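Novice: can you look at this prediction? I've put the sequence above it.
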Amino acid sequence: MEHIYLAIVLAPLLGAIVAGLFRNQIGRTGAHWAAILGVAASCLLSLYVLKLFIYDGEQLYNKALYTWMVSDGIRFEVGFLIDKLTVMMMSVVTFVSLMVHIYTIGYMAHEEGYQRFFSYIALFTFAMLMLVMSNNFLQLFFGWEAVGLVSYLLIGFYFKRESAIFANLKAFLVNRVGDFGFILGIAAIAMFFNSLDYAEVFGKAPELKDATIQVWGSTPWSLMTVVCILLFIGAMGKSAQVPLHVWLPDSMEGPTPISALIHAATMVTAGIFMVARMSPLYELSETALSFVLIIGATTAFFTGLIGIVQNDIKRVVAYSTLSQLGYMIAALGVSAYAAGLFHLMTHAFFKALLFLAAGSVIMGMHHDQDIRNMGGVRKYMPITWITALLGSLALIGFPGFSGFFSKDAIIGAIHHSDIFGAGYASVLVTAGVFVTALYSFRMFFLVFHGEGPRDDHAKHHLHESPWVVTLPLILLAIPSVVIGWMTIQPMLFGDWFTGVLTVLPEHDALGEVGKHYHGQIGFIEHGMLELPFWLAMGGLFVAWFIYMKKPALALEIRTRFDWFYHVLDMKYWFDEVYQIIFAKGSRALGGFLSEVGDRFLIDGLIVNGSAKVVDSVAHRVRRLQTGYLYHYAIAMILGLLLLLSIFVVA
């Protein structure tokens with residue numbers, strides 16, 4: 001099996017190397033075939049391993065493959081931990097990546113940098129696999145930073161656009177803030193656990209449950225709380241949680257395929273995966289769990305509200321991603337790790353589907369992304385329309401669709417939790433269901449229904465996308481509908497995560513939900529009697545009534561609540577505050593330090609000042625060098641007399 005696991009990781013890397021380094025020799029066709037074959041091999045092998053775990057009883061694999069360094073007893077290694085969590089992540093990452101690779105052939109057909117793009121997305125797949133398959137914190141950090149690097153390259157793919165360069169720099173800087181906390185957490189683990197291996201750290205965790213450290217002052221801090229919050233700060237950056245969420249909407253400056261691959265289905269879920277993997281640590285700190293819960297619920301509701309006022313089709317889906325990531329994080333905060341991971345999986349399919357469907361519409365509209373200029377697209381792009389409808393229904397949690405099972409499980413778990421902040425979170429995630437349905441179907445109705453595009457030229461040339469675009473849409477629509485039905489039993493209420501996730505009995509909110517689970521039909525029937533279902537239907541109806549039945553009402557509502565619209569349109573002024581505090585503030589601080597530290601202290605005192613002192617001393621000493629013999633004789637006599645007087649006195 002070791003060879004299979006190595007092949008899963010290295011096949012995309014090989015494809016990236018061939019597509020990138022030999023792009024001139026193999027051309028555009030060779031580049032996409034190299035990348036696609038590498039990712040396809042990885043996907044097929046991942047599904048084969050998944051089959052072994054489901055049907056053949058494949059056992060846990062945890063082994064170090066290469067030791068890079070040993071320092072003070074801490075081993076820095078490359079190794080794999082393959083369990084049911086890893087296999088699920090491997091299968092999702094490689095399948096979504098394969099769909100994006102195929103889709104890219106059509107979407108990027110006429111773009112410059114075609115080979116470079118395929119090299120980047122195959123390299124991203126390699127980095128993400130290294131992250132999810134790691135068995136130690138060193139390799140986790142390598143994968144963590146590698147996906148961030150490739151994300152930076154892809155967001156700035158159109159490097160001739162100033163907006164793209166601004167967006168990738170913004171993503172880079174915001175993630176550095178999160179990653180600073182992340183590496184501090186890893187350093188604390190290395191310091192107090194004297195190991196970076198998952199198994200060893202998790203085994204020692206109960207012994208250090210009550211350990212304290214002094215961060216500042218004399219007040220003791222819980223070691224486990226500090227470590228977990230520091231690690232979660234990394235997750236806040238990577239998974240775009242408030243207040244480190246500002247980079248993800250701007251990342252839509254990159255080509256649409258990367259929005260689906262990186263910023264919907266895989267990279268942004270790395271934080272959710274990491275916290276779930278660290279469940280043996282988080283279970284030992286209720287303070288950290290409450291922190292995670294409050295951040296997640298806040299993100300879920302308030303970023304969803306912003307999606308209501310967005311007019312760029314990709315940005316609507318981007319704010320939807322922020323909101324859904326908040327749901328996953330909130331689930332982790334109430335120890336419903338399985339529910340968070342379950343929503344991660346279902347969301348990966350339908351959100352990738354929605355991003356790719358948005359890209360298909362953008363292609364048909366000749367790269368016009370404003371939904372106000374669209375309408376009636378259903379008549380010209382029927383496959384895109386039906387797949388987008390299925391993805392939207394899954395997103396709002398329509399009964400029977402994948403999103404229904406995962407979102408209802410999260411809301412139910414939060415409702416049953418008694419951890420601090422659960423009441424606040426329960427209100428927000430429940431209200432967020434209405435918001436999700438409203439912005440989702442506002443976009444759907446404005447794009448696919450109505451009178452049709454305002455631009456007659458666009459209407460004349462509007463047609464369905466080629467098969468390399470529509471095939472991935474169809475293949476992603478299938479799991480968006482059925483995967484929740486197929487997997488809810490083993491993943492949420494079965495033994496799929498037994499031995500993988502740690503949940504203390506007093507935190508088992510998902511177990512309370514499971515007491516009322518009587519099969520998929522029963523779950524649907526029960527869900528249709530609960531408030532979230534009616535809120536979702538209410539949001540769908542309001543979107544239809546305002547934007548289809550009474551379109552003039554939208555302008556009237558906006559005028560009446562202009563202050564609220566302005567707050568959402570300005571995105572709560574996060575960007576402006578960060579510009580003032582961090583961008584302008586850091587530049588002002590840099591200018592001050594440059595003036596005082598560089599010019600005055602270093603140049604003025606140390607460099608030029610020391611030179612002036614030496615020059616002044618030399619100028620005076622030089623006067624002693626007269627060249628007259630009697631001056632030197634007098635100096636020698638005086639010196640001799642001084643020495644004699646010293647010795648005589650002594």
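Specialist: On my side now, so go ahead. Owing to the predicted nature of the structure, the values given are computational and were not obtained by experimental measurement. Numbers count the residues shown, from 1 in each chain.

Novice: looking at this structure, which helix or strand does the model trust least?
Specialist: helix 456-461 (a mean of 62; mean pLDDT, DSSP states H and E).

Novice: mind telling me what element the residue nearest to Ser465 when sequence neighbours are not counted is part of?
Specialist: With sequence-adjacent residues excluded and distances taken as Cβ to Cβ, 6 or more residues apart in numbering, Ser465 is closest to Ser360, at 4.5 Å. For the C-beta atoms, the positions are set from N, CA and C on the backbone; glycine is no exception. According to DSSP states H and E, Ser360 maps onto helix 337-364.

Novice: so how far is Arg622 from Ser616?
Specialist: 11 Å (Cβ to Cβ, to the nearest Å).

Novice: kindly report the same for Ile414.
Specialist: Taking Cβ to Cβ, one finds Ile414 at 83 Å from Arg622.

Novice: tell me which of the two has more neighbours.
Specialist: Counted by other Cβ atoms under 10 Å, Ile414 and Arg622 do not tie: Ile414 has more neighbours, with 32 against 9.

Novice: tell me how far the host helix or strand of that one lies from the chain's centre.
Specialist: For Ile414, the host element (DSSP H and E) is helix 402-416. Mean-position distance between helix 402-416 and its chain equals 22 Å (Cα atoms, centre = their mean, to the nearest Å).

Novice: in this structure, which residue is most central in space?
Specialist: The residue lying closest to the centre of the chain (Cα atoms, centre = their mean) is Val268, at 2.3 Å.

Novice: could you find the closest non-adjacent residue to that residue?
Specialist: Among residues not flanking Val268 along the chain, Ser239 sits closest, at 5.2 Å (Cβ to Cβ, 6+ apart).

Novice: my read: that neighbour touches Thr266, true?
Specialist: No. Using Cβ atoms under 8 Å as the test, Ser239 is too far from Thr266 to be in contact (11.2 Å).

Novice: what's the helix or strand Val429 falls within packed up against?
Specialist: Taking DSSP H and E as the definition, one finds Val429 inside helix 422-448. Under the contact criterion of 3 or more Cβ pairs under 8 Å, 6 or more residues apart in numbering; DSSP states H and E, helix 422-448 touches helix 286-307, helix 313-333, helix 382-396, helix 402-416, helix 531-544.

Novice: the shortest one to helix 422-448, inter-axis angle?
Specialist: Going back to what we said before, that points to helix 531-544. Using axes from the mean of the first three to the mean of the last three Cα atoms, to 10 degrees, the direction of helix 531-544 lies 30 degrees away from that of helix 422-448.

Novice: related to what we said a few turns ago, quick one, what contacts the residue nearest to Ser465?
Specialist: Contact partners of Ser360, counting by Cβ atoms under 8 Å, 6 or more residues apart in numbering, are Met381, Thr384, Ser465, Val469, Thr470, Leu473.

Novice: do that again at 10 Å, thanks
Specialist: Residues in contact with Ser360, defined by Cβ atoms under 10 Å, 6 or more residues apart in numbering, are 103, 106-107, 256, 377, 381, 383-385, 387-388, 464-466, 469-470, 472-473.

Novice: now swap in Leu353 and tell me
Specialist: With contact taken as Cβ under 10 Å, 6+ apart, Leu353 is in contact with 96, 99, 260, 264-265, 387-388, 390-392, 394-395, 472-480.

Novice: in ChimeraX, how would I select the buried members of those residues?
Specialist: Selecting only the buried entries of the contacts of Leu353 in ChimeraX, with 16 or more other Cβ atoms under 10 Å as the criterion:
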select :96,99,260,264,265,387,388,390,391,392,394,395,472,473,475,476,477,479,480
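
Novice: circling back: so which of the helices and strands packed on helix 422-448 comes closest to Val513?
Specialist: helix 402-416 (4.2 Å; Cβ to Cβ).

Novice: all strands of the stretch 451-600 of the chain, in order?
Specialist: Remark: strands of the stretch 451-600 of the chain are absent; assignment by DSSP state E, counting those that start in this stretch.

Novice: where does it dip in pLDDT?
Specialist: Applying pLDDT under 70 to the stretch 451-600 of the chain flags residues 452-460.

Novice: now do Ala64: how many residues are near it, please.
Specialist: Residue crowding around Ala64 was assessed by other Cβ under 10 Å; the count is 16.

Novice: which strand or helix spans it?
Specialist: Counting by DSSP H and E, Ala64 is part of strand 61-71.

Novice: name the surrounding residues that touch that strand.
Specialist: With Cβ under 10 Å, 6+ apart, strand 61-71 has contacts from 1-2, 4-6, 49, 75-83, 86, 133, 135-136, 138-139, 190, 197-199.

Novice: can you pull the buried residues of it?
Specialist: Quick answer for strand 61-71 (16+ other Cβ under 10 Å): Tyr61, Ala64.

Novice: what ranges do the strands span in the stretch 101-250 of the chain?
Specialist: Counting by DSSP E, counting those that start in this stretch, the stretch 101-250 of the chain has strands at residues 212-213, 221-222.

Novice: pick the most deeply packed of these.
Specialist: For these, the largest average neighbour count (mean count of other Cβ atoms under 10 Å) is found in strand 221-222, namely a mean of 18.

Novice: remind me what that strand packs against, helices and strands.
Specialist: Applying 3 or more Cβ pairs under 10 Å, 6 or more residues apart in numbering; DSSP states H and E, we find strand 221-222 packed against strand 212-213, helix 223-238, helix 286-307.
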